[in-house]
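Sequence and predicted structure, then a few things I'm wondering about:
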Amino acid sequence: MGEKAQPAAVSPADREEEQRKKVAAVIAEKMSVLALGAPGVDRLSRRAVADPGRKKKMRKPAKGVRVSIKDEAIRMNIHIVVDFGKSIPDIARKIQNEAKSLIQREYPDYTLSAVNVWVDGVRFDAASMAYRREAIDTLRDLKEAHPQ
């Protein structure tokens, strides 16, 4: 009978890379939940799915969180859509602090090198749209009253 093919030996470097990918996926999942819990975040953006220079997309396009690990340093890119009228710097700071706490608490062997929060859009509700229309009308009236 024929001999069974032996599975190829996995190198320690390949094992480490696979472990990093698993850790990155778990961190991305946890950061998705934490980012969505930040006051003023409407949703995660799908912008994180495309990687410049790559034609493939991530498997879970709705996540909005990319995590990469290199030499025990974690880098995050979090893409969000915020509610109109909320302070973007406060929202970004809250998400960055959540990321820092998560890594310090659950992954002490890693360091956090960057947490980039990208605001890919602003959600306007009916009240904010009315306010916006009113502001535009006021500006138009001022321009008509004081032509240059």
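Structure's in. What do you need?

what about the strands in the chain?
Along the chain, the segments classed as strands by DSSP state E run 41-44, 65-70, 73-83, 111-123.

which regions of the chain sit below the pLDDT cut-off?
By pLDDT under 70, the low-scoring segments of the chain are 1-8, 47-62.

Tell me who's in contact with the spatially most central residue of it.
With distances taken as CA atoms, centre = their mean, the residue of the chain nearest its centroid is residue 78 (1.4 Å). The contact partners of residue 78, by CB atoms under 8 Å, 6 or more residues apart in numbering, come to 31, 35, 44, 48, 64-66, 95, 99, 115-118. Placement of C-beta: from N, CA and C, glycine included.

which residues pair with it across the strands?
residue 65, residue 117 (DSSP bridges).

can you map out the helices along this structure?
With helices called from DSSP state H, the chain shows them at 12-36, 88-106, 126-145.

and these as CSV, adding mean neighbour count?
Formatted as CSV, the helices of the chain follow (neighbours: other CB atoms under 10 Å):
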stretch, mean neighbour count
helix 12-36, 15
helix 88-106, 16
helix 126-145, 10
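
mind putting those helices in JSON lines, distance to residue 72 included?
Conversion of the helices of the chain to JSON lines gives the following (distance: least, CB to CB, whole Å):
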{"stretch": "helix 12-36", "distance to residue 72": "9"}
{"stretch": "helix 88-106", "distance to residue 72": "11"}
{"stretch": "helix 126-145", "distance to residue 72": "43"}
